[in-house]
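1. Show me the folded form of this:
(2 chains)
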There are 2 protein chains.
Amino acid sequence: VAHAPEDEFAIIAAHFAPLAAPGGRGLLDDAALLQGGAFVITVDAIVEGVHFLPDDPIDSVAQKALRVNLSDLAAKGARPLHYLLTLQWPRTRPAAQIAEFAAGLARDQATFGVTLLGGDTTATPGPLAISVTMIGAAASRTPGRADAQAGDDLWVTGVIGDGVLGLEARRRGEWAGDVVGHYLRPLPRTEFASAIAQHAHAAMDVSDGLLGDAAKIAAASGVRLVLDPAALPLSANAAAWLAAQPDPHAARAHLANGGDDYEILFTASPAARTALVTAAATLGLRLTRIGFAEAGEGVEAGGLAAHGYRHRLGA
Amino acid sequence: VAHAPEDEFAIIAAHFAPLAAPGGRGLLDDAALLQGGAFVITVDAIVEGVHFLPDDPIDSVAQKALRVNLSDLAAKGARPLHYLLTLQWPRTRPAAQIAEFAAGLARDQATFGVTLLGGDTTATPGPLAISVTMIGAAASRTPGRADAQAGDDLWVTGVIGDGVLGLEARRRGEWAGDVVGHYLRPLPRTEFASAIAQHAHAAMDVSDGLLGDAAKIAAASGVRLVLDPAALPLSANAAAWLAAQPDPHAARAHLANGGDDYEILFTASPAARTALVTAAATLGLRLTRIGFAEAGEGVEAGGLAAHGYRHRLGA
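-> Residues are numbered from 1 along each chain as shown, chains lettered A, B, ... in the order given. Here you go, the predicted model:
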C-alpha cells in the first residue's frame, strides 16, 4: 500500500541476492525450494500502515497474513502444510484483540488445511507487524517466474482491480461491499494449485499489480508478454467503477497496477487450453486468457503503463 | 530486553497453542519438527528498542538475528542449513546501512555454513525489525524441553551473565570489551550440537535468563532442577563485577536472570559425563555441571529467585 523508492529495493537486491542458496532462485521468485524440491517455502510480512490499515478488523489482518503466503504457494503449484508466525504486538493495542486475531488464524487453518508449527511474539513500540513463513508440499514440478516460453498463452485467475478498489473504499471509511471484502480477505487460489503444477510454464501470484508482476515474468523468462487490456477480467463492481470514470484508459491502468489481487498469473502452452478451462470450470473459478508470450522483452498492454507496488524483495 | 506482562503471554499461549501442528510441540519448545523429523525449524524476531539498541552496529544486529536462531537449532542438536528473512527497514534509517547489514549476514553465513533461502523487505514507519526462520537438518534425536529425567545431571555451556552485563555497558554508552562483544554478537554453540544430539536428555538455549529457562525445562519435564549458585560459570569480567557488588546474593541472581546468554542448558545421564567433558574439551568449549534433576517440581538455586525475560512465545 506504500510506495518504496525503487533504488532502495535495487540496493537490497544487490546486497542480498549474493547470499542466496541455490534453492532460493536468486531471491527472484515467490517461493524457494527446500532440500531438492520436496518442500516449497515462502515468507511475507505485513505491517500496519503499510499493508493494512490500523482499523482493519484484527481477524482479517490475521487471515491476510496467512493468505498472502498461501497465494504464493498456490502459484507454485504447492499444497500448503504448516506455517510459522512472528507477531510484533503494539503495546498500545488491546490485548483482548489477540483472541480475535487467533480466531482468524483458526478459521483459515480449517479452510486451507494448515497448522501452526512455531512462533515468536514480541511487544513492540512500533506498528503491528506479522511475518508468516509458509511451508508446502511441492508438486512434481514447481513453476518459476523464468519458465515462460514464446508462443505461450498468458492467463489470470479471478478478477483484477477489486483489491485496490477495496483499499480505496476502506480509506474512505467504508466497511461493507465485495471490493472491501476482497481487500480485507483476499482468496488465495489454493484449489487451482494442482492445475498450475500440471499445466503452467511460468507462474506467480499477482500481489503488486498485474502489469508490474507481468513485467517480472517477462524479465525472468526473457520473453515479451502481450496483454489485451480489454480482456482484463473485472468484477461487476470494477466494471461499474470503470464505466463511471472520465478517463477510461487511465482508469484501466489504475486497476491493472493496483495491488492486493492475489490471483495467479501464468503462462501455458496453447495445447493446455482445454484442460485449463475444464479444471477452472470444475472449481467454478473464473479463468481468463489475457494475452500471450512472444520473442522479445517487456510488457505490451495496449499502451497501459506498469507502475506496480514495490513492497517486496524476492521470495 | 523489555519486559512484557506475564498475562499477555498467558493470553497468547492460551489462544495459539490450540492452533499448533503435532510437530509444533504445543509451541512449548524452541524449535519444531518438520515432516516426521527430518528438519528442525525455528523462528525468532528481534526488534529495535526491545532486543537491541538503536545505535548497536547494524552488522551486529544482522548477526544477532541469525545467531539467536542458530542457538535454538544448536540446543536441538540440529545442523543449520538455510534461513528466510523478513526485514522491516525504517524509512528514517539510512539505506547505506543495508550494505553493512548484508555484510554481517554474509560473514555469519560463512562462519556457520548457512544460506539465504528467501526474504521479504518492507519499509516501515516503526522500528527496525528482523524476523528469521532457520531450518536445520535434524540429528537422529531432537532433545526437547520435556525430556529431563530425575537423576540427570544439569549442564550449561560457556558462561552466564555476560549478555546482561554487556547490555548494561552498552546502555552506559560503552562500545568495547568482552561483555559488550558477547551482547552484540552472542556465540551460538553450533559446534556442540552433535554432542547434544548424542547425549542430552532435555535441552534448550538460554536466552531469557538461566533460572527462568531452567524453570521451563522443570515444568515441561515434570522434574525439580537443583542448581548450585556457586557453580554458575562466570567470565573473568563477570566475576570481577560480582566481587565489586555490595549484595553478592542479589548480584548473582541478576546474572542468573539476565537474558542474551545464548548458551545451551541441558540434562544428561551421569553415565555421559566423560563423553560430554571430552567432547567439550576437544572443542575448547567451557562446560559446567551446575546441578541435577530430581523428583519434584520447580527450580531450587540456593535461594536465587527466577524472574526471567519474557519476550517470547513458543518456538
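
2. What pLDDT is listed against whichever residue of chain A sits closest to chain B?
-> For chain A and chain B, the shortest gap (CB to the nearest CB) falls at A:G126, measuring 2.4 Å. Every residue, glycine included, has its C-beta placed from N, CA and C. Note on A:G126: pLDDT of 94.

3. just A:R25 next, same as before
-> Here, the pLDDT recorded for A:R25 equals 68.

4. residues contacting the residue of chain A closest to chain B?
-> A:88, A:90, B:47, B:124-127, B:129 (CB atoms under 8 Å, 6 or more residues apart in numbering or on different chains).

5. Name the member of these with the most neighbours.
-> Within the contacts of A:G126, B:A129 tops the neighbour count with 30 neighbours, counted by other CB atoms under 10 Å in any protein chain shown.

6. Give the bridge partners for it, please.
-> B:V47, B:Q88 (DSSP bridges).

7. I'd say it and B:H51 touch.
-> No - B:A129 is beyond contact range of B:H51, at 9.1 Å (criterion: CB atoms under 8 Å).

8. All the strands of chain A, in order from the start?
-> Using DSSP state E, the strands found in chain A span residues A:32-34, A:39-47, A:79-90, A:115-124, A:129-137, A:153-157, A:200-206, A:224-227, A:263-268, A:287-294, A:298-300.

9. Serialize those to CSV and add fields for distance to B:G158.
-> Output for those, formatted as CSV (distance: least, CB to CB, whole Å):
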stretch, distance to B:G158
strand A:32-34, 31
strand A:39-47, 31
strand A:79-90, 26
strand A:115-124, 23
strand A:129-137, 29
strand A:153-157, 53
strand A:200-206, 44
strand A:224-227, 56
strand A:263-268, 49
strand A:287-294, 57
strand A:298-300, 55
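
10. which one's the longest helix in chain A?
-> helix A:58-75 (DSSP state H).

11. if we can go back for a sec, which among the contacts of A:G126 gets closest to A:P18?
-> A:P18 has its nearest neighbour among these in B:A129, at 23.2 Å by CB to CB.

12. remind me which residues of chain A are low pLDDT?
-> For chain A, the stretches with pLDDT under 70 are A:1-9, A:11-12, A:24-28, A:36, A:308-315.

13. redo that, cut-off 50
-> Scanning chain A for pLDDT under 50 picks out the ranges A:1-6, A:309-315.

14. For the stretch 201-315 of chain A, just list every one of the helices.
-> Under the criterion DSSP state H, counting those that start in this stretch, the stretch 201-315 of chain A contains helices at A:210-221, A:236-243, A:248-257, A:273-283.

15. okay, the ones you listed, which one's buried deepest?
-> helix A:210-221 (a mean of 23; mean count of other CB atoms under 10 Å in any protein chain shown).

16. What helices and strands are in contact with it?
-> If you count contacts as 3 or more CB pairs under 8 Å, 6 or more residues apart in numbering or on different chains; DSSP states H and E, helix A:210-221 packs onto strand A:200-206, strand A:224-227, helix A:248-257, strand A:263-268, strand A:298-300.

17. Need these in JSON lines (columns: distance to B:D205).
-> Formatted as JSON lines, these follow (distance: least, CB to CB, whole Å):
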{"stretch": "strand A:200-206", "distance to B:D205": "36"}
{"stretch": "strand A:224-227", "distance to B:D205": "48"}
{"stretch": "helix A:248-257", "distance to B:D205": "46"}
{"stretch": "strand A:263-268", "distance to B:D205": "40"}
{"stretch": "strand A:298-300", "distance to B:D205": "48"}
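
18. could these go into TSV alongside distance to chain B?
-> Output for these, formatted as TSV (distance: least, CB to the nearest CB, whole Å):
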stretch	distance to chain B
strand A:200-206	13
strand A:224-227	24
helix A:248-257	19
strand A:263-268	19
strand A:298-300	24
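
19. Would you mind putting the helices of the stretch 201-315 of chain A into a markdown table with distance to B:A95 alongside?
-> Shown next, in a markdown table, are the helices of the stretch 201-315 of chain A (distance: least, CB to CB, whole Å):
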| stretch | distance to B:A95 |
| --- | --- |
| helix A:210-221 | 21 |
| helix A:236-243 | 36 |
| helix A:248-257 | 24 |
| helix A:273-283 | 43 |
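
20. Would you mark the buried spots in stretch A:53-71?
-> Across stretch A:53-71, burial judged by 16 or more other CB atoms under 10 Å in any protein chain shown covers A:56-71.

21. One more: stretch A:177-188?
-> Applying 16+ other CB under 10 Å to stretch A:177-188 flags A:178-180, A:182-188 as buried.

22. Mind checking which of the residues you listed land in helices?
-> Among those, the members falling in helices (DSSP H) are A:178-180, A:182-184.

23. Pipe these into JSON lines and attach distance to A:G302 per row.
-> Shown next, in JSON lines, are these (distance: CB to CB, whole Å):
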{"residue": "A:D178", "distance to A:G302": "27"}
{"residue": "A:V179", "distance to A:G302": "24"}
{"residue": "A:V180", "distance to A:G302": "29"}
{"residue": "A:H182", "distance to A:G302": "25"}
{"residue": "A:Y183", "distance to A:G302": "26"}
{"residue": "A:L184", "distance to A:G302": "31"}
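
24. near chain B too, which of these?
-> Among these, no residue lies close to chain B (CB under 8 Å from any CB of the partner chain).

25. isn't A:L84 right up against B:I41?
-> Yes - using CB under 8 Å, A:L84 and B:I41 qualify as a contacting pair, with a distance of 6.7 Å.

26. where do the contact lists of these two overlap?
-> Common neighbours of A:L84 and B:I41 (CB under 8 Å, 6+ apart) are A:117-118, B:32, B:133, B:315.
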